[in-house]
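Need a 3D model of the sequence below.
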Amino acid sequence: MRARWGVLGFGMLLACAAVLAFQESSDAAQFNWKQAQGTEIRLLALRAWFTDHWKANLPEFEKLTGIKVVVEDYPEDPFRQKLAVEMSAKSKSVDVFTTGTMREGRQFFTSGWYGDLTPLVNDPGATSAEWDRNDFIDAVWKAHQFAGKQVAVPVQANVQLLYYRKDLFDAAGLKPPKTLDELEAAAKKLHNPPSVYGFVARGRKTQAPYTWSHWLFANGGSWLTADGKPGIGTPAALNAVNQYVRLLRTYGDPGITDNGPMEVQTHFLQGRAAMILDAVSWAGLFSDPQKSKVAGKWEGALAPPGTAGATYELWAWSLAMSPFSDKQKAAWLFIQWATSKEMQKPLHFRSFPMPRKSLWTDPEWKSKLQPGYYEAAMTQVQSARPIGHPPFVASPEITDVVGIAINNALAGKDAKAEMDAASRKMAEILEKTEPKR
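Numbering: from 1, shown residues only. Reported below is the predicted structural model:
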């Protein structure tokens, strides 16, 4: 590793953020940031690192705009429950909210729970030129559109790339795998339990589909067939399950059926995994010698393709505006500030990947990264698509159905029987919930 990346303490981050917070410039002097002063808005948010960042810097926003922001944040499950209740009731008290359009986007859009940001983005009186919509990575920006409408602004850009133990690969004379078959061969050679497992990945019922989706698309599959039927009962999907299950049951850790993101991350941090395929945002943690036993020993590479190539997964939390709010002008000013270059830069340098081109190409940031990791991350984020969650109104329910099938296969049950049963359940759910095409 050429240098440490992403190990700023959170206190230092907030101090830097305060200095870098949205500054008045020639554009700010021309743009009317005070156009909604005296307004109070409510942000219903996920309790997360980016929410903490906004909260710490709210005095800067309030000074800039004269708008008071009341932040109400919750852990993910209670947050989703509360947001759904308030949006179902068409509550006027929610003005801005966190959303994961890759998961609930279809549901929220068809329910009319997203305000259309498109007119605001294109209005120079409502949008500061310095906010610079064109600085957002195109693939990430467009992933937040439905029927041509911009429904949210991304606050991160996460892809799944391959992390591998470069020291172990070098010692074994291996190169980073360029196909899924090569990944399995490398896992076989490096598997040395209980010290090191060849490959560790998510297997828990609620988490398995997210990682498995890479195998699904790499084998030529998809969530839905061309004729509108469930894509999880196809030969491509079965090949994907068989490959994923064989890899984890043969070269994974004993806890594969319970593995979620934290378990996968911990195995790699502790040096117990030769390879993982997971979030690009974990790099900073893996490079922190205070927390990681593999600091300086790992590299990154492209998520390996299968027989049908590779489709890179994209995930991003984002900010949306409620269509029921009477304070949309103030809400949009907050969204611009929270997703501005100045607010996102400290987070990006701390290892949380942001959705802006200027940050991904920043020379200072680039100089601190391993070259393989940087090239893989840059390649993937520019063409990634949200494949990790079924793109349907009932996405969470279908994810559970597929996750149970994969988890059961990981536990030793017949993969074909499990996927056939899941396909039938998925068809029933789609019949009840999907708008007729």
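
Output stretch 77-92 as PDB, restricted to C-alpha atoms.
The C-alpha coordinates for stretch 77-92 follow below in PDB (Å, rounded to 0.1, in the frame of the first residue of the first chain):
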ATOM      1  CA  ASP A  77     -35.500  -0.800  10.500                       C
ATOM      2  CA  PRO A  78     -37.500   1.700  12.600                       C
ATOM      3  CA  PHE A  79     -36.600   4.500  10.200                       C
ATOM      4  CA  ARG A  80     -38.100   2.600   7.300                       C
ATOM      5  CA  GLN A  81     -41.200   1.800   9.300                       C
ATOM      6  CA  LYS A  82     -41.700   5.400  10.500                       C
ATOM      7  CA  LEU A  83     -41.100   6.800   7.000                       C
ATOM      8  CA  ALA A  84     -43.700   4.400   5.400                       C
ATOM      9  CA  VAL A  85     -46.300   5.300   8.000                       C
ATOM     10  CA  GLU A  86     -45.800   9.100   7.500                       C
ATOM     11  CA  MET A  87     -45.800   8.900   3.700                       C
ATOM     12  CA  SER A  88     -48.800   6.600   3.700                       C
ATOM     13  CA  ALA A  89     -50.600   9.300   5.700                       C
ATOM     14  CA  LYS A  90     -49.400  12.000   3.300                       C
ATOM     15  CA  SER A  91     -48.000  13.800   6.300                       C
ATOM     16  CA  LYS A  92     -47.100  17.500   5.600                       C
END
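
List the contacts of that stretch.
For stretch 77-92, contacts defined as Cβ atoms under 8 Å, 6 or more residues apart in numbering pick out 44-47, 73-74, 93-94, 97-99, 104, 108, 111, 113, 322, 324-326. C-beta: built from backbone N, CA, C; applies to glycine.

now those residues: which count as buried?
44-46, 73-74, 93-94, 97-99, 104, 108, 113, 322, 324-325 (16 or more other Cβ atoms under 10 Å).

Just the ones in helices from the contacts of stretch 77-92, please.
Secondary-structure check on the contacts of stretch 77-92 using DSSP state H: residues within helices are E104, F108, S111.

how much space is there between the last one and K229?
Think S111. Computed as Cβ to Cβ, to the nearest Å, the S111 to K229 distance reads 25 Å.

contacting residues around the residue nearest to the spatial centre of the chain?
The centroid of the chain falls nearest to W315 when counting by Cα atoms, centre = their mean (2.6 Å). Listed by Cβ under 8 Å, 6+ apart, the contact partners of W315 are G100, M102, N158, V159, A279, P386, G388.

next one: W215
Counting by Cβ under 8 Å, 6+ apart, W215 has contacts L180, A240, V241, Q243, Y244, G306.

for the last one, which residues make a bridge with it?
Beta bridges link G306 to G309 when assigned by DSSP bridges.

what's it in contact with, if anything?
The contact partners of G306, taken as Cβ under 8 Å, 6+ apart, are T179, L180, W215, A218, N219, G220, A240, Q243.

circling back: can you tell me which of the ones in helices among the contacts of stretch 77-92 is closest to A376?
Taking Cβ to Cβ as the measure, E104 is the one of those closest to A376, at 28.6 Å.

shouldn't that closest one be in contact with S395?
Yes: counting by Cβ atoms under 8 Å, E104 touches S395, with 6.6 Å between them.

Strands of this protein, start to end?
Ranges of strands in the chain, per DSSP state E, are 40-46, 68-74, 96-99, 145-146, 149-150, 153-154, 158-165, 275-279, 298-301, 314-315, 318-321.

Quick check: which of those strands is nearest to A126?
strand 318-321 (11.6 Å).

Each with direction, which strands does the closest one pair with?
Sheet pairing of strand 318-321 (DSSP bridges) gives strand 96-99 (antiparallel), strand 153-154 (antiparallel).

Out of these, which gets nearest to E375?
Nearest to E375, of all the strands paired with strand 318-321, is strand 153-154, at 22.1 Å by Cβ to Cβ.

Distance from the chain centre to the closest one, please.
How far strand 153-154 lies from its chain's middle: 12 Å, per Cα atoms, centre = their mean, to the nearest Å.

How about stretch 287-306?
Chain-centre distance of stretch 287-306: 18 Å, with Cα atoms, centre = their mean.

do stretch 143-160 as well
11 Å.

what do you get for stretch 215-235?
Worked out by Cα atoms, centre = their mean, stretch 215-235 lies 22 Å from the chain centre.

got the buried residues for it?
Buried residues in stretch 215-235, counted by 16+ other Cβ under 10 Å: 215-224, 230-234.

coming back round to it: and the contacts of G306 as a markdown table, adding distance to T361 and pLDDT?
As requested, the contacts of G306 are exported to a markdown table (distance: Cβ to Cβ, whole Å; pLDDT from 0 to 100):
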| residue | distance to T361 | pLDDT |
| --- | --- | --- |
| T179 | 29 | 98 |
| L180 | 30 | 98 |
| W215 | 31 | 98 |
| A218 | 28 | 97 |
| N219 | 33 | 97 |
| G220 | 33 | 97 |
| A240 | 34 | 98 |
| Q243 | 35 | 98 |
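
Just the ones of those residues in helices?
Those of the contacts of G306 lying in helices (DSSP H): L180, W215, A218, A240, Q243.

out of these, who's nearest V381?
For the ones in helices among the contacts of G306, the nearest to V381 is A218 (18.0 Å; Cβ to Cβ).

quick one: contacts for the closest one?
The contact partners of A218, by Cβ under 8 Å, 6+ apart, come to L180, A240, P304, P305, G306, T307, A308, G309, A310, T311.

ok, now V71?
L43, A45, T51, W54, K55, L58.

what's the closest non-adjacent residue to the third one?
In space, T51 comes closest to A45 once its chain neighbours are excluded; the distance is 4.7 Å by Cβ to Cβ, 6 or more residues apart in numbering.

give me the beta-bridge partners of that neighbour?
Those that pair with A45 in a beta bridge, by DSSP bridges, are D73.
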